[in-house]
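# just the structure for this:
(one chain, ligands or ions: 1)
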Amino acid sequence: MTTPIVVCAECGTPNPAHVDRCCHCDRPLNGPLAWVPTAAAEVAGQAYTELLMAVERKFPGESRHQTALRYIREAEQRANDPTPAQCEAVT
Ligand SMILES: [Zn+2]
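Sure, this is the predicted structure:
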């Protein structure tokens, strides 16, 4: 069983069929496009879709892709910056 996926005509990003705007570039998806994925592309598309669908809150002016990217970068930034608690533990 495969998840219905539509591919954005603008950027080529696979999107879950139930979204009406591209998760990557936020352009309207003008009707499902026939897309027969290769096995590798299908796995990659499903993994990407899983990642995007983990973003439960949609932020205005931000695509799910951008929100996911921001979350990841924020987490990475926190990991790179020592928190005060970690500073105190060192001293
Ligand atoms: Zn797109």
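
# which parts of whichever strand or helix holds residue 6 are buried?
Per DSSP states H and E, residue 6 falls inside strand 5-7. Neighbour counts over strand 5-7 (16 or more other CB atoms under 10 Å) mark 5, 6, 7 as buried. All C-beta atoms are positioned from the backbone trio N, CA, C, and that covers glycine.

# do the same with stretch 14-25
In stretch 14-25, the ones that count as buried by 16+ other CB under 10 Å are 14, 15, 16, 19, 22, 23, 24.

# ok, the closest residue in space to the fifth one that isn't next to it in sequence - contacts?
Going back to what we said before, that points to residue 22. Counting by CB to CB, 6 or more residues apart in numbering, the nearest residue to residue 22 once its immediate chain neighbours are dropped is residue 8, at 4.0 Å. Counting by CB atoms under 8 Å, 6 or more residues apart in numbering, residue 8 touches 14, 15, 22, 24, 25, 27, 29.

# isn't the fifth one right next to residue 11, touching?
Which is residue 25. Yes. At 4.7 Å, residue 25 and residue 11 qualify as touching, with contact defined as CB atoms under 8 Å.

# which parts of the protein are strands?
Chain-ordered strands for the chain, with DSSP state E as the definition, fall at 5-7, 14-16.

# that older thread, tell me how far the residue nearest to residue 22 lies from residue 78.
31 Å (CB to CB, to the nearest Å).

# cool, residue 53 as well?
According to CB to CB, residue 53 stands 23 Å off from residue 78.

# the more surrounded of these two?
Set side by side, residue 53 and residue 78 show more neighbours around residue 53, with 15 against 10, by other CB atoms under 10 Å.

# list the beta-bridge partners for the closest residue in space to that one that isn't next to it in sequence.
With sequence-adjacent residues excluded and distances taken as CB to CB, 6+ apart, residue 53 is closest to residue 16, at 6.9 Å. Counting by DSSP bridges, residue 16 is bridged to residue 5.
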